[in-house]
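Undergrad: Would you be able to build a 3D model of this:
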Amino acid sequence: MRPFHLLFSTLFVCLAAGIGQKSTINFNGTGLLLASNGAAAQIVADQDDWPAVLRVCDDLALDFGRVMGTNGSVTLLSNGTTSSFNSSMIFNVTRRTTYRTSRNAYSKGGVIIVGTIGDSAIIDGLVAEGKLDVSAIEGTWEAYLSAVVADPLPGVSEAMVIAGSDRRGTVYGMYSVSEQIGVSPWYYWADSPQQKHDSIHATYVTVVQNSPSVKYRGFFLNDEAPALTGWVDAKFPPSPYGPGFNADFYKTVFELLLRLRANYLWPAQWNSMFNVDDPRSQPLADEYGIVMGTSHTEPMDRATKEWTVFGEGPWQWNLNNESIYPFFVEGAERAKPYETVLTMGMRGSGDTALGAGIETDLLESIITAQTQILDGIWGNASVQDPDTVPQMWCLYKEVQGYYQAGMQVPDYITLLWTDDNYGNIRRLPLQNETDRIGGAGVYYHFDYVGDPRDYKWINTVQLQKTWEQMHLAYEREAKTIWIVNVGDLKPLEQPISHFFDLAYDMEIWDKDSVPTWLEMWAAREFGPAVAAETAKLMNNYSIAAGRRKFELVDPTTYSLIHYNEADRVLGEWQIMQATAESIMGSLPTAAQPAFFEMVYHPVTAGYVFYDIMISSARNNLYAEQGRNSANTVAQRVLDRFAQDHRLTAEYNGLLNGKWNHMMDQTHIGYQYWQQPMRQALPGLKYIATLERSLAGDMGVTIQNTNATVPGDDMYHTLSSNVLTFTPFDPYGVSSQWIDIFSMGTNTFGWNITSNASFVSFSQSSGAISPNSSDVRIYATVDWGNCPTGSGIVMINISSSQSADSQYMAQTEYGTQYSMPQLMLPYNHTQVPSSFSNGFVESDAHISIELEHYSAITSNSSAVSYNVIPGLSRTLSGVTLFPVTADSQSTSSGPALEYNLYTFFNSTAGGVINITIITTASLNTDPARPLKYAVQFDQQDPQTVQYIIDQPAGANPLGWDAAVSDSAWMSTTNFTYAGAGEHTLKVWALEPGVVLNTAWIDLGGILPSYLGPPESMWVS
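TA: Take a look at the predicted model:
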């Protein structure tokens, strides 16, 4: 692997806009001048080259104009023959009549010669004359070479030459220049601004860009309603059969794919027919150089809707093959003139299972019939050559069960393995499957409709997870096809770019590369001045949004009372939102729309969404506690709900409504897996503020409990006026909060006193009116003055108010309650000086981020633990490299070792529970399920196989919870011998296990989503 981030600081100076590419362009005035204020670039090509190449010559000329203010020119040289290629559809859709452009009035700039080896007489001539050496790329797939060549043409002293091994190689070489000079692939689809320069030079360097890491790299426009379909309905005329997904729409998609160095497309499917809605679309794709396919559920190049419109009878092979067979024939014949990857097999109607069980014979007969059709159209030899007639069989959901049941698939058909729709790959090639000539690939998801919940609104893709899963696929030889479901395309610009950069050159992106990639992405899209800050922001966003899909977050997700979890999480979102707002305010006007679409909107909308959910929970809790402020919090929820709408309207109205309807997706009010038909808030509660509580006007509660005093509730002993803090100790939280609030109709004063001088309060007295905000006070223990040992501090919280009647004087705390008291237990403990390099127990638990090990014990040099920053809900993932290593054992494999110190002498039942949190990854080798082992002290290690696969392609046991939580959680118990020093050891027994966190529970862990924060480390 060649880690690109090591080269980043050097490349960034001269190549602020080209991600993962070898620099051929500079702005420092050295090399061959291509363009300046007084000279426009001249692009020269052979008129007999591919239409895809000639079209991009025009794009490159326009890109120079976008950056310099003056378009380049395009000159096509001819040897007097008529081109054998057809550009009629490009001319039809783009409304042009030629690729040539007239020279402008400026003096000539530098010359860029472009061409495809074997299809450009200019390039072939340079090779024949010995002026250009293309031996490194000739005959390869989608490679290109760039060099400055002397005397390439009569009258041209030197020129930048871009030679492609095939048509897309040439296209990628030209678009690399476009990106390097400052034109983002997203200039149309995300309104990225062009970066201006005074002059552009070609560096005197020869660059060889080899074939991409993955052969077919594409996305699937799926789950495309309401957003993308609504946008298309508003922007393009309808087809005779439905929305206007026509060639005018697809030309922008084709160009985007090529600029992103992708080559493959599954078109929109649910209410459209790519080949039927607009007959121009398929030939246009071919002239652009796009390889077309159809989704996993659309065999033989036929759209799902085509059967609905033109089919006869049920979509069931065993009942209606006489109608389905000619339907398949028509699709294959229609695809023959074009570059197509044919989908084989068959699923049931509407992307459902083919039948109730695994009917292997039935599906084998379908593929046999499909092969017979292809043999009749292409001939047997061509059909069995994946370079001539590429075919794939997608093992989606239950289809994987057919393969596992022994179904035979021709060796030349690519096996397209899939994720679980939540970004966890379900299966990858085994060692005996890597020699298949058709190879293997992955169908991945950034968007999904289905159980346990749709996720279609905004970006929730954790980039570190994308890298980890696709690195696993690449190393396991699944690299013929990578196709990702992107839903509506927008607003997934960032993860799409990342995915295609990995697919294009996986070798340069390592486990630490996400922050570097993000900085390069931010520099390209918004400019280098804000790149570092934007990259940090979006790295934090990637982790925060990846913890749980927005659609799965509700008011119960994060704890309001334990570990300050909800407040901590909302605080993180608030900081991110403030950062996004600050960055956007610093940008020039031209850059703000792109920043709004790709950064400001998702960050701000995410913050508003989290505030709605957490404030809804707070409202319900406060109403339960009788707080007057419950009504204020309810209003905050309503205000945030209105802000959510304003953000949607602002997005849809951006740039005079360019993206109108792209943000129409509902996202608040889920009741089951399917999207809500209308936005609806969680239930809110209101307090009768005109009536006084039965417990008086003042209420008190503390951290880690729902209970309030004075008064009765289900959370503390009836008629008790005492609440007890979680015990304080020097190794736990430094302070805990007390809330004092109004639950009545009268203003009151309050005062806090305690019987210990070593306990202080952030505020000791004050006054609260019925309309005042609640007061949060922090109690802190001064350990320097606290006596050693254990004890309890008594805290009194008294209320005072003007007694204008005998009733008020007698009912300060209601008719039957008295002054609230708080008990603050403390344990002034200390670890012995001999203990070091480990974690210390507090509040009957230890929480560990597993990258913080005390030591690694290993008898093997074949594998090692590596930390992947950000691959977690909290900090990082720890995993074994290489991912192709053999299974490990506790006797010979490396172990992560953690020193622990506990103060508890005993636990309930004499056991200690150890929970290991891992990522939600799945078993990609059925013979090697993911496992880890854990050992406490010198007890026997226990092996945990935490993913239990199910037959027939079904998801594993507990899968719904794991993908909802973005984690597997498995608990093992050991005998607990008592206080003192202990040792925890953890082994990853299979590559692919990604370890995140460990919770050691002696009875003190409280319910929460993310678990307790990491315990104190003593060095």
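Undergrad: how about the strands in the stretch 751-900 of the chain?
TA: Ranges of strands within the stretch 751-900 of the chain are 759-761, 765-768, 775-781, 789-800, 821-828, 838-840, 845-849, 855-857, 864-869, 876-881, 895-902, based on DSSP state E, counting those that start in this stretch.
Undergrad: so who does the nearest residue to residue 745 once chain neighbours are set aside touch?
TA: Excluding the flanking residues, the one nearest residue 745 by CB to CB, 6 or more residues apart in numbering is residue 692, at 4.8 Å. All C-beta atoms are positioned from the backbone trio N, CA, C, and that covers glycine. Applying CB atoms under 8 Å, 6 or more residues apart in numbering, one finds that residue 692 lies in contact with 743-746.
Undergrad: From the residues you listed, list the buried ones, please.
TA: Neighbour counting with 16 or more other CB atoms under 10 Å marks 743-744, 746 as buried within the contacts of residue 692.
Undergrad: which one among the residues you listed gets closest to residue 60?
TA: Minimum distance to residue 60 across the buried ones among the contacts of residue 692 is 70.0 Å, recorded for residue 743 (CB to CB).
Undergrad: State the phi and psi torsions of that closest one.
TA: phi -130, psi 30 (degrees, to the nearest 10).
Undergrad: And for the one 5 residues further on?
TA: For residue 748, the backbone dihedrals (degrees, to the nearest 10) come out as phi -140, psi 150.
Undergrad: Do I have it right that it meets residue 698?
TA: Yes. Contact criterion CB atoms under 8 Å: residue 748 and residue 698 qualify, at 5.2 Å.
Undergrad: Need the single longest helix in the protein, by residues.
TA: As assigned by DSSP state H, the longest helix anywhere in the chain is helix 629-657.
Undergrad: I'd like to know which elements that one is packed against.
TA: Contacts defined by 3 or more CB pairs under 8 Å, 6 or more residues apart in numbering; DSSP states H and E place helix 629-657 against helix 601-624.
Undergrad: centre of the chain versus the helix it packs on, how much separation?
TA: 22 Å (CA atoms, centre = their mean, to the nearest Å).
Undergrad: hang on, residue 183 packs against residue 65?
TA: No. In this structure, residue 183 is not within contact of residue 65 by CB under 8 Å, at 9.8 Å.
Undergrad: who has more neighbours, those two?
TA: The residue with more neighbours, out of residue 183 and residue 65, is residue 183; 26 against 18, by other CB atoms under 10 Å.
Undergrad: any idea what sits nearest that one, other than its immediate chain neighbours?
TA: residue 63 (4.4 Å).
Undergrad: residue contacts, the spatially most central residue of the chain?
TA: For the chain, residue 461 is the residue whose C-alpha lies nearest the centre (CA atoms, centre = their mean; 1.1 Å). Going by CB under 8 Å, 6+ apart, residue 461 touches 423, 446, 492, 494-495, 542, 545-546.
Undergrad: ok so, going back, moving along the chain from the strand or helix carrying the residue nearest to residue 183, name the first helix or strand you hit.
TA: Element membership for residue 63, per DSSP states H and E: helix 51-68. Going down the chain from helix 51-68, the next helix or strand is strand 73-77, by DSSP H and E.
Undergrad: A strand includes residue 201, no?
TA: Yes. Assessed by DSSP: H, G, I helix; E, B strand; the rest coil, residue 201 belongs to a strand.
Undergrad: tell me the pLDDT at the closest residue to it other than its chain neighbours?
TA: Spatial nearest neighbour of residue 201, excluding adjacent residues (CB to CB, 6+ apart): residue 31 at 4.1 Å. Looking at residue 31, its pLDDT is 96.
Undergrad: Could you do residue 98 as well?
TA: On the pLDDT scale, residue 98 gets 83.
Undergrad: follow-up on the earlier one: neighbour count for residue 748 and residue 698, which is higher?
TA: Set residue 748 next to residue 698 and count neighbours by other CB under 10 Å: residue 698 wins out with 27 against 22.
Undergrad: How much space separates that one from residue 556?
TA: Residue 698 sits 29 Å away from residue 556, taking CB to CB, to the nearest Å as the criterion.
Undergrad: Can you tell me, leaving aside adjacent residues, what's nearest to residue 900?
TA: Excluding its sequence neighbours, the residue lying closest to residue 900 (CB to CB, 6+ apart) is residue 982, at 4.3 Å.
Undergrad: so where is the stretch 1-150 of the chain shaky, pLDDT-wise?
TA: By pLDDT under 70, the low-scoring segments of the stretch 1-150 of the chain are 1-17, 80-84, 102-107.
Undergrad: Can you show me the strands along it?
TA: So, for the stretch 1-150 of the chain - with DSSP E, counting those that start in this stretch - the strands run 25-26, 32-36, 39-46, 73-77, 107-116, 144-153.
Undergrad: ok, and what's touching the shortest one?
TA: Taking contacts as CB under 8 Å, 6+ apart, the residues outside strand 25-26 that touch it are 14-15, 18, 34, 177, 180-181, 200-203.
Undergrad: Please name the nearest non-neighbouring residue to residue 742.
TA: Excluding its sequence neighbours, the residue lying closest to residue 742 (CB to CB, 6+ apart) is residue 628, at 4.6 Å.
Undergrad: Then residue 897?
TA: Distance criterion CB to CB, 6+ apart; nearest residue to residue 897, sequence neighbours excluded, is residue 855 at 4.5 Å.
Undergrad: any idea how far that neighbour lies from residue 834?
TA: In terms of CB to CB, residue 855 sits 16 Å off from residue 834.
Undergrad: And these two? Which one has more around it.
TA: residue 855 (14 against 6).
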